[in-house]
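[1] Just the structure for this:
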Amino acid sequence: MEVAMRSKVQRLYDACASVFYAGKDDLLTLEQIRWLRSLLDGVGPADVGIDGYGDEGPRGDERSPTGRRGLVRGHALEQITYIHIHECQDFSMGVFCFPAGATMPLHDHPGMVVLTKVLYGSVSWNAYDWVSNPGKNGLAKVVAEERILQASTRTSVLFPRSGGNIHSFTALTPCAILDVLTPPYSDELGRPSTYYIDIPIPWLPGFCILEETELPDDLVVAGAPYLGPELIVVDEEEEDDDDDMY
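    As a prediction, the model looks like this:
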C-alpha cells in the first residue's frame, strides 16, 4: 500500500507491528518512541471513526450513537465506552470515550508500555509509580496529581516502572482517549488489570500507599463498533510460518 494512500490509523498500526513483535527483547529506542508519538499526535477523532464535535458540530439522530456522517457520536455517549480497533499478541489499539464526570479508577499496566493520546475534550490525570511493591500494597511516588490532559497535549508514554504506570482518569468534559498497549492485558499470561486505592502520607509529600482493591461495582464499560478506515492487518499465523522457514 502506498504511504500517501494509507490512513492515519493504518500508519499507526503498521508502525506498531514493526516496533512491537513477539520475541523482541530490546528496549524501545528514543527514535522509535518519537516516531510512535508523532503518529499518535497526528490522529484526530474522525481518523478512528468518532465524531468529536459537540453541540456546535454536525448532529445525527439524537437517539443513535452514530451520526449522519457514519461516525460514533462521542458526545452522545452516556457511559464509558470502548471502541476496539485491533488486538494481537504483541499490542492493542483502542479508544475510550467518556461522558463528562466519568472516572476510570486507579489501575495498573503490568509489564506494559502504554501510549495515550487525548483526541478531544479534557481529562484530569492522576498517576503513580511503584517505589516498593512487596505484594498487594506498597509505597508509590506521585507522578501526576490532577494534571489536565487535552487534545493539544502531546502523547504520553509510560513504561513498566516509570511514567505513571498506575493511573486514573476523570473526564472534565466529554472526551476520547486513544490507547496503544504493548503487550496487551492477559490474565493467562500474568498481565491482569489490578485496581487500587491511594492513601496519602501526610508526613511524606509526593508519596502515598497504594492498596489493591476489587473491581468497582459501578464501573461499567460499554462497547461500540469501530467505524474508522478499514485496517489491513498482518496475518500472524502466516508470519509465524514464514519465520519457521529460516
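[2] Longest strand in this structure, please.
    Longest among the strand segments of the chain by residue count, using DSSP state E, is strand 137-150.
[3] The nearest residue to Ser92 once chain neighbours are set aside and Phe96, how far apart?
    Leaving aside its sequence neighbours, Ser92 sits nearest to Pro184 (C-beta to C-beta, 6 or more residues apart in numbering; 3.8 Å). C-betas here are computed from N, CA, C, even on glycine. Computed as C-beta to C-beta, to the nearest Å, the Pro184 to Phe96 distance reads 14 Å.
[4] cool, and Val220?
    For Val220 relative to Phe96 (C-beta to C-beta), the value is 13 Å.
[5] Show me which of the two is the more surrounded one.
    Summary of the neighbour comparison: Val220 and Phe96, criterion other C-beta atoms under 10 Å, with Phe96 having more neighbours (21 against 10).
[6] Contacts only, for Gly111.
    160, 183, 190-191 (C-beta atoms under 8 Å, 6 or more residues apart in numbering).
[7] Please repeat the previous calculation with a cut-off of 7 Å.
    Applying C-beta atoms under 7 Å, 6 or more residues apart in numbering, we find Gly111 in contact with 160, 191.
[8] and if you look at Ile83?
    Under the contact definition (C-beta under 7 Å, 6+ apart), the residues listed for Ile83 are 72, 94-95, 97, 224, 226.
[9] And those, which is closest to Ala171?
    For the contacts of Ile83, the minimum distance to Ala171 (C-beta to C-beta) is 9.1 Å, reached by Cys97.
[10] immediately after the helix or strand where the closest one lies, which helix or strand?
    For Cys97, the enclosing helix or strand under DSSP states H and E is strand 92-98. For strand 92-98, the following helix or strand on the C-terminal side (DSSP H and E) is strand 103-107.
[11] Between its first and last residues, how far does stretch 105-115 reach?
    Taking C-alpha to C-alpha, to the nearest Å, the first and last residues of stretch 105-115 lie 18 Å apart.
[12] May I see the buried residues of it?
    Neighbour counts using 16 or more other C-beta atoms under 10 Å place 105-110, 112-115 of stretch 105-115 among the buried residues.
[13] a markdown table for those residues, including pLDDT and distance to Thr213?
    Below are those laid out as a markdown table (pLDDT from 0 to 100; distance: C-beta to C-beta, whole Å):
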| residue | pLDDT | distance to Thr213 |
| --- | --- | --- |
| Pro105 | 96 | 8 |
| Leu106 | 97 | 8 |
| His107 | 96 | 10 |
| Asp108 | 95 | 12 |
| His109 | 95 | 17 |
| Pro110 | 92 | 16 |
| Met112 | 93 | 20 |
| Val113 | 94 | 25 |
| Val114 | 96 | 21 |
| Leu115 | 97 | 26 |
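[14] picking that back up, most neighbours among the contacts of Ile83, which one is it?
    Neighbour tally across the contacts of Ile83 (other C-beta under 10 Å): the maximum, 31 neighbours, falls on Cys97.
[15] where does this structure have low pLDDT?
    Residues of the chain that meet the criterion pLDDT under 70 lie in 1-4, 22-26, 54-69, 134, 236-246.
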